[in-house]
Every structure is written in C-alpha cells, then in structure tokens.
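J.: pasting a predicted model and its sequence here:
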Amino acid sequence: MTVMVAGRRCPIVGAVSMDQTVIDVGDFPVERGDLVTILGDPRQGEPGLAEWAQALRTIPQEVLTGIGSRVARGEASA
C-alpha cells in the first residue's frame, strides 16, 4: 500500500502499529510538516477508498468505519 507524501506516492514499510507507520520516501527530500495523504481523491493520484479496501481485502464501508476518532478529518488537517 502507498500514501501520498508531498505529491508523490511512497510505500508503507512494515505493519501499521496503533496509529503510527513508517513510510519509505527513498531519496525524495521531505521536511517536517509536509502533507501526507492517506486517503484522498484517486482522480488526483491519491490513494482512494476502493484501493484501501482492495489492499485490506474488505469493503470500502469497513475501511471508513475503522478510522478512529483520533484521526483528524478535512482539508489538509494538521
């Protein structure tokens, strides 16, 4: 599975632990505060709900209901 980091797809490395994960950005320069999109608009190249559901072998509704209340929502949440 991948996420979008500063406009570029980067793979998740290893397992997600609680609400933390490691992303392999390779040699791509990133800085603290760069936007990471975990779930977004697939028409803009971002990982979409269907992509996550397929990777998790489930349905999109289960992905949505599995997102806990600690996760910020909205445009460019910080």
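T.: All right, it came through fine.
J.: quick one: mean pLDDT over stretch 7-22.
T.: Mean per-residue pLDDT for stretch 7-22: 87.
J.: scratch that, stretch 28-40 is what I was asking about
T.: Here stretch 28-40 scores 90 as its mean pLDDT.
J.: tell me the buried residues in that stretch?
T.: Thr37, Ile38, Leu39 (16 or more other CB atoms under 10 Å). (C-beta placed from N, C-alpha, C; glycine too.)
J.: in the helix or strand containing Val16, what's buried?
T.: In the assignment (DSSP states H and E), Val16 maps to strand 8-17. Neighbour-count burial for strand 8-17 flags Cys10, Ile12 (criterion: 16+ other CB under 10 Å).
J.: quick one: strands adjacent to it?
T.: Using DSSP bridges, strand 8-17 pairs in its sheet with strand 2-5 (antiparallel), strand 20-23 (antiparallel).
J.: most neighbours per residue, which of the ones you listed?
T.: Using mean count of other CB atoms under 10 Å, the stretch among the strands paired with strand 8-17 with the largest mean neighbour count is strand 2-5, at a mean of 18.
J.: convert it to CSV, retaining C-alpha atoms only.
T.: Taking Å, rounded to 0.1, in the frame of the first residue of the first chain, the C-alpha atoms of strand 2-5 are listed here in CSV:
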residue,chain,number,x,y,z
THR,A,2,1.2,3.5,-0.6
VAL,A,3,0.4,7.0,0.7
MET,A,4,1.0,10.4,-0.9
VAL,A,5,3.8,12.4,0.6
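J.: neighbouring contacts of that strand?
T.: By CB atoms under 8 Å, 6 or more residues apart in numbering, the surrounding residues in contact with strand 2-5 are 9-12, 23, 25, 28, 30, 34-38, 40, 45-47.
J.: repeat that for 10 Å
T.: By CB atoms under 10 Å, 6 or more residues apart in numbering, the residues outside strand 2-5 that reach it are 8-12, 21, 23-25, 28, 30, 34-41, 44-47, 51, 55.
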